[in-house]
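[1] would you be able to build a 3D model of this:
(2 chains)
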Amino acid sequence: MGNTMTKEELIAKLKIIVQPYIQDEDAFNNLSEHTDFINDLKINSANLVDVVLDVEDEFDIRIENDDMEKMISVKAAMDIVIEKLAAK
Amino acid sequence: MTSKQIISLLPYQEPFLFVDELTLMSSEGITGHYTFKKEAYFYKGHFKDNPITPGVILTECMAQIGLVCLGVYLLKDQLKEHNLPQIALTSSQVDFFLPVLPGEKVTIVSEKEVFRFNKLKCKVKLLNSKGELVCRGKISGMVKV
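    Coordinates of the predicted model:
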């Protein structure tokens, strides 16, 4: 799965994952690589953990504390997912 | 860590402390009880001439024992005598089945579902003194030193 997934497919998957937790609908509708989870989507800290746990389930990867701290935007999440999938 | 030590680390006091004692503690869950005081302030208004423990107070009792006390227990190696844990309730979903009257003793049984990246999510039940299910639900919060 990981090797054949395009950037657009990855963004689409992340968009589905974050949807239940967002507060800002406009930012969500315009979601791109540059969208920030906290500043743009207004996801709270507890729901950011839910995003990370859902990303783990969706891609069957394990995210560590260091990665969690970095995972504050769509771009950062994509980088971590790609890195973890490549290491599998 | 004993029940008394955990309670001493809670950031609550009268009239908003709803924990009397913790009877079972492990990294997987916690059990404790509380007896609602007949003279508690909220019975004057909930309801007029018909005192019944408010659902939000039952939820608070479930959160204090099931989430915060368990959180303190899980952080026990990092917490020192004097620093209180930082806590924030982030979600609760509770279904109610029976009323709790003034003076009733309730037992809270909480099972840990997830504790990662400071977020603790628990499945919590509240039982009356007959062992009947009063309410149950899922409560989450952020807990850290």
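[2] A:Tyr21 and A:Asp50 touch, don't they?
    Yes - checked against C-beta atoms under 8 Å, the pair A:Tyr21 and A:Asp50 is within contact range at 6.0 Å. C-beta: built from backbone N, CA, C; applies to glycine.
[3] between the two, which has more neighbouring residues?
    A:Asp50 (22 against 19; other C-beta atoms under 10 Å in any protein chain shown).
[4] ok now do the more buried one, which residues does it touch?
    Contacts for A:Asp50 (C-beta atoms under 8 Å, 6 or more residues apart in numbering or on different chains) come out as A:Pro20, A:Tyr21, B:Lys119.
[5] any idea how far B:Met25 lies from B:Leu120?
    Remark: distance between B:Met25 and B:Leu120 (C-beta to C-beta, to the nearest Å) = 14 Å.
[6] between these two, which one's more packed in?
    A direct count of neighbours by other C-beta under 10 Å for B:Met25 and B:Leu120 places B:Leu120 higher, at 27 against 20.
[7] can you verify that one is assigned to a helix?
    No - counting by DSSP: H, G, I helix; E, B strand; the rest coil, B:Leu120 is not found in a helix; it is strand.
[8] for B:Val124, which non-adjacent residue is closest in space?
    Closest residue in space to B:Val124, ignoring its immediate chain neighbours: B:Gly66 at 3.8 Å, by C-beta to C-beta, 6 or more residues apart in numbering or on different chains.
[9] do B:Arg136 as well
    B:Arg136 sits nearest to B:Lys125 (C-beta to C-beta, 6+ apart), 4.5 Å away.
[10] secondary structure class for the residue in chain B positioned nearest to chain A?
    Closest contact between chain B and chain A, by C-beta to the nearest C-beta, is at B:Thr90 (3.5 Å). When classified by three-state DSSP, B:Thr90 comes out as strand.
[11] so what's it up against?
    By C-beta under 8 Å, 6+ apart, the contact list for B:Thr90 reads A:Asn44, A:Ser45, A:Ala46, A:Asn47, B:Lys119, B:Ser140, B:Gly141, B:Met142.
[12] the fourth one is in contact with A:Ile17, isn't it?
    Just to be clear, that refers to A:Asn47. No - counting by C-beta under 8 Å, A:Asn47 sits too far from A:Ile17 to count as a contact (10.9 Å).
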